[in-house]
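# Turn this into a structure:
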Amino acid sequence: MIDINKFSEYLHNKIGIIIDSKNIHHVKDFIQKNTAKKEISDQIEISFDDFFEPKILELLINKLTINETYFFRDSTHIDFIKDFVKQNISKKGLIIWSMGCSSGEEAYTIALILKDMGILDQKNIPIKIYGFDINTNFLEMARKSIYSSW
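Numbers count the residues shown, from 1 in each chain. Predicted coordinates:
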């Protein structure tokens, strides 16, 4: 059987996900399903990259990632963004990366904040906002840009 701790360490090193008590059962289920047909010896060092197909790991990643996202999510972050932009905006422009933003509401929130600040109306200042996530289900939702009124 695969050592759950080694596999958790692999996931952390590979994609930055920390396995905790809330999601350990997903990892155990995943390992059980994907090792049932394979013979594994505890004596052999396994390369998880070779053992698990990327598409299967993608399913696990989609199950483990936090899928909470909404517009204007955290007032502390909004205040930080406003202050940061005021202090760092220049004629050279601004590039903002929103990491782990699921289906993109946080990235759109940043754009709305900049619009409210009047920064997007200044045509001579280039602004780029990028939203990133590793959950392919939410990336597909972001590509469609369809959001509920929640």
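# buried set for stretch 10-24?
For stretch 10-24, a neighbour-count test (16 or more other Cβ atoms under 10 Å) marks 10-11, 17, 19, 23 as buried. C-beta here means a position set from N, CA and C on the backbone, and glycine is covered the same way.
# Just the residues contacting that stretch, thanks.
Residues outside stretch 10-24 that contact it (Cβ atoms under 8 Å, 6 or more residues apart in numbering): 4, 8, 27, 48-49, 60-61, 63-65, 134.
# I'd like the next helix or strand past the helix or strand bottoming out on mean pLDDT in the chain.
Each helix and strand of the chain was given a mean pLDDT (mean pLDDT, DSSP states H and E); the minimum falls on helix 48-51 at a mean of 62. Note on helix 48-51: by DSSP states H and E, the next helix or strand toward the C-terminus is helix 54-64.
# What segments of the chain are strands?
Using DSSP state E, the strands of the chain run over 94-99, 127-132.
# out of those, nearest to residue 76?
strand 94-99 (15.2 Å; Cβ to Cβ).
# Could I get the CA-only coordinates of that closest one as CSV?
Taking Å, rounded to 0.1, in the frame of the first residue of the first chain, the C-alpha atoms of strand 94-99 are listed here in CSV:
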residue,chain,number,x,y,z
LEU,A,94,0.4,47.8,-13.4
ILE,A,95,0.2,44.0,-13.7
ILE,A,96,-1.8,42.2,-11.0
TRP,A,97,-1.9,38.4,-10.6
SER,A,98,-4.9,36.9,-8.7
MET,A,99,-3.7,33.5,-7.6
